[in-house]
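>>> Need a 3D model of the sequence below.
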Amino acid sequence: MREGLRGYGLIVGMWVRSTMTYRTSFFLSLFGNAAITLLDFVTIFIMFSHVDVLGGFTLPEVALLYGSCSASLGLADLLLGNTDRIGARVRDGSLDTMLVRPVPVLAQVAADRFALRRLGRVAQGLGVLTWALASLDLEWTVGKVLLVPVMVVAGAGIFGAVMVAGAAFQFVAGDAAEVQNSFTYGGCTMLQYPPTVFAKDLLRGVIFIVPLAFVNWLPALYVLGRPEPLGLPGWVGFLSPLVAFVVFLPASLAWRAGVRSYRSTGS
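Numbering: from 1, shown residues only. You can find the predicted model right below:
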(Lines give C-alpha, C1' and ligand atoms only; values in the text may rest on other atoms or scores of the structure.)
Protein backbone atom coordinates (compact mmCIF):
# COMPACT_ATOMS: atom_id res chain seq x y z
CA MET A 1 0.00 0.00 0.00
CA ARG A 2 2.77 2.44 0.92
CA GLU A 3 4.69 1.73 -2.30
CA GLY A 4 1.52 2.15 -4.31
CA LEU A 5 0.71 5.53 -2.75
CA ARG A 6 4.30 6.68 -3.19
CA GLY A 7 4.36 5.62 -6.84
CA TYR A 8 0.97 7.23 -7.43
CA GLY A 9 2.18 10.48 -5.89
CA LEU A 10 5.34 10.55 -8.00
CA ILE A 11 3.46 9.96 -11.24
CA VAL A 12 0.82 12.54 -10.33
CA GLY A 13 3.53 15.05 -9.45
CA MET A 14 5.14 14.54 -12.84
CA TRP A 15 1.86 15.23 -14.68
CA VAL A 16 1.04 18.23 -12.47
CA ARG A 17 4.43 19.78 -13.22
CA SER A 18 3.84 19.15 -16.91
CA THR A 19 0.40 20.75 -16.71
CA MET A 20 1.57 23.84 -14.83
CA THR A 21 4.20 24.53 -17.48
CA TYR A 22 1.36 26.13 -19.45
CA ARG A 23 -0.54 27.89 -16.67
CA THR A 24 -2.87 29.91 -18.89
CA SER A 25 -3.96 26.79 -20.75
CA PHE A 26 -4.51 25.01 -17.43
CA PHE A 27 -6.71 27.75 -15.93
CA LEU A 28 -8.74 28.00 -19.12
CA SER A 29 -9.26 24.22 -19.07
CA LEU A 30 -10.14 24.37 -15.37
CA PHE A 31 -12.72 27.10 -15.96
CA GLY A 32 -14.12 25.33 -19.00
CA ASN A 33 -14.49 22.06 -17.10
CA ALA A 34 -16.34 23.80 -14.27
CA ALA A 35 -18.58 25.73 -16.67
CA ILE A 36 -19.52 22.67 -18.72
CA THR A 37 -20.40 20.55 -15.70
CA LEU A 38 -22.37 23.46 -14.20
CA LEU A 39 -24.76 23.26 -17.15
CA ASP A 40 -26.37 20.24 -15.46
CA PHE A 41 -27.40 22.45 -12.56
CA VAL A 42 -28.54 25.19 -14.94
CA THR A 43 -30.98 22.64 -16.36
CA ILE A 44 -32.32 21.96 -12.87
CA PHE A 45 -32.52 25.70 -12.17
CA ILE A 46 -34.56 26.27 -15.35
CA MET A 47 -36.84 23.40 -14.37
CA PHE A 48 -37.59 25.10 -11.06
CA SER A 49 -38.55 28.30 -12.88
CA HIS A 50 -41.69 26.40 -13.89
CA VAL A 51 -42.33 24.36 -10.72
CA ASP A 52 -42.02 25.10 -7.02
CA VAL A 53 -41.13 21.58 -5.91
CA LEU A 54 -39.95 18.37 -7.55
CA GLY A 55 -40.96 15.18 -5.81
CA GLY A 56 -41.62 17.27 -2.71
CA PHE A 57 -38.10 18.79 -2.79
CA THR A 58 -37.38 22.50 -3.18
CA LEU A 59 -34.57 23.95 -5.31
CA PRO A 60 -32.07 24.29 -2.39
CA GLU A 61 -32.78 20.68 -1.37
CA VAL A 62 -32.18 19.41 -4.90
CA ALA A 63 -29.07 21.63 -5.04
CA LEU A 64 -27.81 19.78 -1.95
CA LEU A 65 -28.19 16.48 -3.80
CA TYR A 66 -26.60 17.87 -6.94
CA GLY A 67 -23.64 19.55 -5.21
CA SER A 68 -22.74 16.58 -3.02
CA CYS A 69 -22.96 14.07 -5.87
CA SER A 70 -21.03 16.28 -8.31
CA ALA A 71 -18.25 16.91 -5.78
CA SER A 72 -17.99 13.19 -4.94
CA LEU A 73 -17.84 12.13 -8.58
CA GLY A 74 -15.35 14.92 -9.28
CA LEU A 75 -13.00 13.66 -6.56
CA ALA A 76 -13.26 10.06 -7.75
CA ASP A 77 -12.78 11.13 -11.37
CA LEU A 78 -9.74 13.22 -10.43
CA LEU A 79 -8.06 10.39 -8.53
CA LEU A 80 -9.19 7.30 -10.45
CA GLY A 81 -10.89 8.51 -13.61
CA ASN A 82 -8.17 7.24 -15.94
CA THR A 83 -8.95 3.64 -15.02
CA ASP A 84 -11.51 3.58 -17.85
CA ARG A 85 -8.60 3.49 -20.32
CA ILE A 86 -7.48 0.05 -19.20
CA GLY A 87 -9.42 -1.60 -22.05
CA ALA A 88 -7.35 0.25 -24.66
CA ARG A 89 -4.14 -0.76 -22.88
CA VAL A 90 -5.21 -4.39 -22.85
CA ARG A 91 -5.96 -4.31 -26.57
CA ASP A 92 -2.74 -2.60 -27.69
CA GLY A 93 -0.47 -4.39 -25.20
CA SER A 94 0.82 -1.19 -23.58
CA LEU A 95 -0.12 -2.63 -20.20
CA ASP A 96 3.00 -4.79 -20.48
CA THR A 97 5.26 -1.83 -19.69
CA MET A 98 3.37 -1.20 -16.44
CA LEU A 99 3.70 -4.82 -15.33
CA VAL A 100 7.50 -4.67 -15.31
CA ARG A 101 7.72 -1.49 -13.22
CA PRO A 102 8.16 -1.70 -9.42
CA VAL A 103 4.86 0.11 -8.81
CA PRO A 104 1.39 -1.47 -8.46
CA VAL A 105 -0.43 -1.47 -11.79
CA LEU A 106 -3.56 0.18 -10.37
CA ALA A 107 -1.52 3.13 -9.11
CA GLN A 108 0.08 3.55 -12.54
CA VAL A 109 -3.21 3.27 -14.43
CA ALA A 110 -5.01 5.73 -12.11
CA ALA A 111 -2.20 8.32 -12.17
CA ASP A 112 -1.39 8.07 -15.87
CA ARG A 113 -2.19 11.34 -17.67
CA PHE A 114 -3.46 12.83 -14.40
CA ALA A 115 -5.83 15.66 -15.39
CA LEU A 116 -5.69 18.45 -12.82
CA ARG A 117 -8.39 20.32 -14.77
CA ARG A 118 -10.92 17.90 -13.30
CA LEU A 119 -10.76 19.99 -10.17
CA GLY A 120 -13.28 22.15 -12.02
CA ARG A 121 -16.08 19.63 -11.38
CA VAL A 122 -15.10 19.39 -7.72
CA ALA A 123 -15.05 23.18 -7.33
CA GLN A 124 -18.44 23.77 -8.95
CA GLY A 125 -19.98 20.89 -7.00
CA LEU A 126 -18.72 22.29 -3.70
CA GLY A 127 -19.89 25.74 -4.76
CA VAL A 128 -23.46 24.55 -5.38
CA LEU A 129 -23.36 22.52 -2.16
CA THR A 130 -22.27 25.59 -0.17
CA TRP A 131 -25.07 27.68 -1.70
CA ALA A 132 -27.62 24.96 -0.89
CA LEU A 133 -26.52 24.69 2.75
CA ALA A 134 -26.64 28.48 3.13
CA SER A 135 -30.13 28.64 1.60
CA LEU A 136 -31.67 25.85 3.65
CA ASP A 137 -33.24 26.51 7.03
CA LEU A 138 -32.03 23.44 8.92
CA GLU A 139 -31.77 22.53 12.57
CA TRP A 140 -28.07 21.74 12.71
CA THR A 141 -26.66 19.13 15.06
CA VAL A 142 -23.12 17.86 15.48
CA GLY A 143 -24.05 14.73 13.55
CA LYS A 144 -25.42 16.69 10.59
CA VAL A 145 -22.40 19.01 10.48
CA LEU A 146 -19.99 16.07 10.42
CA LEU A 147 -22.10 14.10 7.95
CA VAL A 148 -21.82 16.68 5.15
CA PRO A 149 -18.04 16.34 4.51
CA VAL A 150 -18.18 12.62 5.28
CA MET A 151 -20.91 12.26 2.65
CA VAL A 152 -18.73 13.88 -0.02
CA VAL A 153 -15.60 11.87 0.79
CA ALA A 154 -17.40 8.53 1.27
CA GLY A 155 -19.35 9.15 -1.94
CA ALA A 156 -16.06 9.59 -3.77
CA GLY A 157 -14.93 6.28 -2.29
CA ILE A 158 -18.05 4.51 -3.56
CA PHE A 159 -17.66 5.97 -7.04
CA GLY A 160 -13.97 5.03 -6.94
CA ALA A 161 -14.86 1.43 -6.11
CA VAL A 162 -17.25 1.34 -9.06
CA MET A 163 -14.48 2.67 -11.32
CA VAL A 164 -12.04 0.00 -10.16
CA ALA A 165 -14.66 -2.73 -10.62
CA GLY A 166 -15.43 -1.41 -14.10
CA ALA A 167 -11.74 -1.39 -14.96
CA ALA A 168 -11.43 -5.00 -13.78
CA PHE A 169 -14.37 -5.98 -16.00
CA GLN A 170 -12.51 -4.60 -19.02
CA PHE A 171 -9.93 -7.38 -18.72
CA VAL A 172 -12.78 -9.72 -19.69
CA ALA A 173 -14.89 -7.52 -21.95
CA GLY A 174 -12.01 -5.84 -23.77
CA ASP A 175 -13.68 -2.44 -23.80
CA ALA A 176 -16.44 -1.69 -21.32
CA ALA A 177 -15.71 1.95 -20.56
CA GLU A 178 -19.26 2.96 -21.40
CA VAL A 179 -20.63 0.33 -19.02
CA GLN A 180 -18.45 1.80 -16.28
CA ASN A 181 -19.58 5.33 -17.15
CA SER A 182 -23.24 4.31 -16.99
CA PHE A 183 -22.79 3.53 -13.29
CA THR A 184 -20.60 6.56 -12.49
CA TYR A 185 -21.72 9.50 -14.63
CA GLY A 186 -25.15 7.98 -15.20
CA GLY A 187 -25.49 7.16 -11.51
CA CYS A 188 -24.54 10.70 -10.54
CA THR A 189 -27.18 12.11 -12.91
CA MET A 190 -29.79 9.96 -11.18
CA LEU A 191 -28.60 10.97 -7.70
CA GLN A 192 -28.98 14.66 -8.56
CA TYR A 193 -32.77 14.25 -8.38
CA PRO A 194 -34.91 13.38 -5.34
CA PRO A 195 -35.35 9.67 -4.60
CA THR A 196 -39.10 10.29 -4.33
CA VAL A 197 -39.43 10.62 -8.13
CA PHE A 198 -38.14 7.08 -8.75
CA ALA A 199 -39.85 3.70 -8.38
CA LYS A 200 -39.22 1.79 -5.17
CA ASP A 201 -37.73 -1.15 -7.07
CA LEU A 202 -35.02 1.17 -8.37
CA LEU A 203 -34.43 2.50 -4.86
CA ARG A 204 -33.97 -1.05 -3.57
CA GLY A 205 -31.47 -1.71 -6.35
CA VAL A 206 -29.28 1.32 -5.56
CA ILE A 207 -29.38 0.55 -1.84
CA PHE A 208 -28.92 -3.22 -1.64
CA ILE A 209 -27.30 -4.18 -4.99
CA VAL A 210 -25.21 -1.28 -6.32
CA PRO A 211 -25.23 0.97 -3.23
CA LEU A 212 -25.11 4.32 -5.01
CA ALA A 213 -27.83 5.65 -2.68
CA PHE A 214 -25.16 5.88 0.04
CA VAL A 215 -23.30 8.46 -2.05
CA ASN A 216 -25.76 11.20 -1.14
CA TRP A 217 -29.43 10.14 -1.00
CA LEU A 218 -29.42 8.50 2.41
CA PRO A 219 -27.00 10.94 4.12
CA ALA A 220 -28.78 13.95 2.57
CA LEU A 221 -32.19 12.72 3.73
CA TYR A 222 -30.84 12.65 7.29
CA VAL A 223 -29.37 16.15 6.95
CA LEU A 224 -32.68 17.44 5.56
CA GLY A 225 -34.70 15.66 8.23
CA ARG A 226 -36.72 13.74 5.67
CA PRO A 227 -37.90 10.12 5.99
CA GLU A 228 -36.33 7.44 3.81
CA PRO A 229 -38.82 6.30 1.10
CA LEU A 230 -38.36 2.61 1.94
CA GLY A 231 -38.80 3.19 5.66
CA LEU A 232 -35.17 2.57 6.65
CA PRO A 233 -33.97 4.16 9.90
CA GLY A 234 -32.26 7.53 9.66
CA TRP A 235 -28.93 6.26 10.99
CA VAL A 236 -28.27 4.34 7.76
CA GLY A 237 -27.07 7.66 6.35
CA PHE A 238 -24.00 7.35 8.55
CA LEU A 239 -23.04 4.02 6.97
CA SER A 240 -21.57 5.59 3.82
CA PRO A 241 -17.89 5.21 4.91
CA LEU A 242 -18.51 1.57 5.84
CA VAL A 243 -20.29 0.93 2.55
CA ALA A 244 -17.41 2.51 0.62
CA PHE A 245 -14.96 0.18 2.40
CA VAL A 246 -17.13 -2.90 1.88
CA VAL A 247 -17.67 -2.13 -1.83
CA PHE A 248 -13.97 -1.50 -2.40
CA LEU A 249 -12.99 -4.96 -1.13
CA PRO A 250 -14.63 -6.99 -3.94
CA ALA A 251 -13.62 -4.30 -6.45
CA SER A 252 -9.95 -4.67 -5.47
CA LEU A 253 -10.19 -8.46 -5.56
CA ALA A 254 -11.76 -8.28 -9.03
CA TRP A 255 -8.94 -5.98 -10.14
CA ARG A 256 -6.28 -8.41 -8.91
CA ALA A 257 -8.04 -11.29 -10.63
CA GLY A 258 -8.16 -9.26 -13.86
CA VAL A 259 -4.44 -8.47 -13.73
CA ARG A 260 -3.58 -12.12 -13.08
CA SER A 261 -5.70 -13.21 -16.04
CA TYR A 262 -4.07 -10.72 -18.42
CA ARG A 263 -2.25 -12.21 -21.37
CA SER A 264 0.00 -10.00 -23.44
CA THR A 265 -0.75 -9.34 -27.10
CA GLY A 266 2.79 -10.47 -27.87
CA SER A 267 3.58 -7.28 -29.76
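
>>> contacting residues for the residue nearest to L136 when sequence neighbours are not counted?
Counting by CB to CB, 6 or more residues apart in numbering, P60 is the residue found nearest to L136 once chain neighbours are left out, at 4.9 Å. All C-beta atoms are positioned from the backbone trio N, CA, C, and that covers glycine. Contacts for P60 (CB atoms under 8 Å, 6 or more residues apart in numbering) come out as W131, A132, S135, L136.

>>> ok, now with 6 Å
Residues near P60 by CB atoms under 6 Å, 6 or more residues apart in numbering: A132, S135, L136.

>>> Looks to me like the first one is in a helix.
What that stands for is A132. Yes. Counting by DSSP: H, G, I helix; E, B strand; the rest coil, A132 falls inside a helix.

>>> Just the pLDDT for the closest residue to it other than its chain neighbours.
Using CB to CB, 6+ apart and skipping the chain neighbours, the partner closest in space to A132 is A63 (3.7 Å). A63 carries a pLDDT score of 96 in this model.

>>> From R118, how far out is A63?
21 Å (CB to CB, to the nearest Å).

>>> Next: L99.
L99 is 27 Å from R118, by CB to CB.

>>> can you check L138 too?
30 Å.

>>> Mind checking which of those two has more residues around it?
Of the pair L138 and R118, R118 is the one with more neighbours under other CB atoms under 10 Å, namely 23 against 13.

>>> Contacts only, for the more buried one.
By CB under 6 Å, 6+ apart, the contact set of R118 is D77, L78.

>>> That one and W217: what is the separation?
Counting by CB to CB - R118 and W217 are separated by 24 Å.

>>> OK, contacts around the residue most central in space within the chain?
Taking CA atoms, centre = their mean, the centroid of the chain lies closest to L73, which sits 2.6 Å from it. L73 sits next to F159, C188 when contact means CB under 6 Å, 6+ apart.

>>> That one and L133, how far apart?
Counting by CB to CB, the gap from L73 to L133 is 19 Å.

>>> Ok, A199 next?
Taking CB to CB, one finds A199 at 29 Å from L133.

>>> higher neighbour count, the two?
Each of A199 and L133 has its neighbours counted (other CB under 10 Å); L133 has more, 19 against 9.

>>> that older thread, can you give me the neighbour number for the residue nearest to A132?
Neighbours of A63 (other CB under 10 Å): 24.

>>> So it versus F45, what's the distance?
In terms of CB to CB, A63 sits 9 Å off from F45.

>>> Quick check: which helices or strands does the helix or strand bottoming out on mean pLDDT in the chain pack against?
Least confident helix or strand, the chain: helix 86-92 with a mean of 84, by mean pLDDT, DSSP states H and E. If contacts are counted by 3 or more CB pairs under 6 Å, 6 or more residues apart in numbering; DSSP states H and E, helix 86-92 sits against helix 142-173.

>>> Measure how far the helix it packs on is from the centre of its chain, please.
On the basis of CA atoms, centre = their mean, to the nearest Å, helix 142-173 sits 6 Å off its chain's mean C-alpha point.

>>> cool, stretch 89-101 as well?
Centre-to-centre, stretch 89-101 and its host chain are 26 Å apart (CA atoms, centre = their mean).
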